Every structure is written in C-alpha cells, then in structure tokens.
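A.B. asks: My questions are about this predicted structure, shown below with the sequence.
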Amino acid sequence: MKKFVFMTIMLTVIGCSSMSMTPVAQSGGMPKDGELDFPKDYTTFPTFLKGIQKPNAVRDLYINSTGAEAHHGKPFANESILVMEIYKAKKGDGEAFEKDSDGHLIKDGLAKVYVMQKGAGWGKHAPEGLQNGDWIYSAFTPNGDRLEVEYAKCRSCHLPLGDAKDYVQRYDEYFEKRVHMH
Ligand code: HEC
C-alpha cells in the first residue's frame, strides 16, 4: 500500500514537470469542442495515413511530432494533435466518380479539416457520457475558419474505440503503416 502511494506521488511529480516543459497551445485555459486553434502548419506534420477511400471522398491523416512518438498499446500523450483532411472526389462527365489506374478516387479540392487535440484535464469539460479521454474536437474550412457542426456526433462515433484505442479510429493502422521517422 505504501509503495503504491509512493508510486502515485512519483508519477504525479513526473507528470507535472514534463507538462511545464511543453506549454499548452491555447492561452486562455482549457478549450472545449470547437475552440481548438487551427493547426496552421499541419501539412508539415508527419503523415499518419494517406488516400483513405470513402464512397464519395478521400481523406488524409496527419499527426504532430508529439503524437508521432506514441507507442502501440499506450494512449497518445497530451499535446498530441491529429488532423484529418477531407477531400471531395472528382466526378467524370456523368454522376459517377472518376478512378485512377489503381481504381482509387481522385481528389477534387479540400473540403474540410477535422482536428482532435489532447491536453491534461480537457475531457472534464466534455458533455456527460461523451467523454473521449482528454480529446477535444474542432472542424474547420481549409482556410482555418470554424465550421458549425454537432460535436456530439464526432464524440459518439469515436467513443466506441474506448481507452484501448484512445478513441482514435485508425489507431492500429497508425502503428502498422505510418512512415517511421527515427
Ligand atoms: C460516423 C462516424 C464519425 C463521425 C461522426 C466523426 N468521425 Fe472522425 N473519424 C471516423 C473514422 C471512420 C475515421 C478514420 C478515417 C476514415 O476511415 O475515414 C475518423 C478519423 C478522424 C480523425 C483522425 C484520427 C483517427 O481517429 O483516426 C480525426 C482528427 C477526426 N476523425 C475528427 C473528427 C471530428 C472533428 C468530427 C466531428 C466534426 C468527427 N471526426 C466525426 C469516424 C467519424
């Protein structure tokens, strides 16, 4: 029991000291859904997965360098930022989508940018029953203007992934397919 208490104190101390070294991007306290800063430089982030094929869209995923240091089986660290670009798919002359020689949809303009970012204690402000750990969600236009969306929908669709996958849909693929940086 004593050992357990000691460990807890040690972990708290370690946790706090590493937190003070990496300041939170937002200045005014903890952001809620829709209040994250637009990660302007996200296209320079390591790519997480590229060219995800949806029925009518193509998606590219990016992750910042803090997130890219995650280990399989562990949650992403605080200050991790995940970005999903949603591209329209190109249509041919009719209503059918055009495909390239590999049978993949062709990007036709960036439509939206979805962001998930994590910070210590941020989940406390999430709606009851829809906490996704400490992740907060925001949706933007490609220019970084905020989109009006129902954030409860983001949360309910990512919620089933649970703590085991840290609410990240492509959690496993991230560790299997990402481009290794080191
Ligand atoms: C209907 C389910 C659903 C909803 C609603 C949803 N997502 Fe997702 N999200 C996904 C899936 C599935 C992926 C993985 C990429 C893919 O297959 O399209 C994903 C991936 C992501 C990623 C990349 C990290 C990851 O989890 O793999 C971010 C960031 C993201 N979503 C943000 C959002 C935001 C912000 C909203 C709300 C505006 C939202 N999502 C709403 C299903 C959903």
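C.D. replies: Alright, I've got the coordinates. Since the model is a prediction, treat every value here as computed from it, not as a measurement.
A.B. asks: And the helices in this structure?
C.D. replies: 2-21, 65-68, 151-158, 171-177 (DSSP state H).
A.B. asks: Run the chain-centre distance for the shortest one.
C.D. replies: Its chain's C-alpha centre and that of helix 65-68 lie 11 Å apart, by Cα atoms, centre = their mean, to the nearest Å.
A.B. asks: tell me the contacts of Ala77?
C.D. replies: Counting by Cβ atoms under 8 Å, 6 or more residues apart in numbering, Ala77 makes contact with Thr66, Gly67, Glu69, Ala70, Lys118. Just so you know, the C-beta spots here come from the backbone N, C-alpha and C atoms, and that holds for glycine as well.
A.B. asks: got it, and Ser80?
C.D. replies: Ile63, Asn64, Thr66, Gly67, Ala70, Gln117, Lys118 are the contacts of Ser80 under Cβ under 8 Å, 6+ apart.
A.B. asks: Kindly report the same for Phe38.
C.D. replies: By Cβ under 8 Å, 6+ apart, the neighbours of Phe38 are Val113, Val115, Ser138, Phe140, Gly144.
A.B. asks: Mind telling me the two of the contacts of Ala77 farthest from one another?
C.D. replies: The span of the contacts of Ala77, defined through Cβ to Cβ, is set by Glu69 and Lys118 at 13.1 Å.
A.B. asks: okay, these two: which has more neighbours?
C.D. replies: Counted by other Cβ atoms under 10 Å, Glu69 and Lys118 do not tie: Lys118 has more neighbours, with 23 against 13.
A.B. asks: measure the more buried one to Pro46 for me?
C.D. replies: 17 Å (Cβ to Cβ, to the nearest Å).
A.B. asks: again with Glu79
C.D. replies: When Glu79 is compared with Pro46 (using Cβ to Cβ), they lie 15 Å apart.
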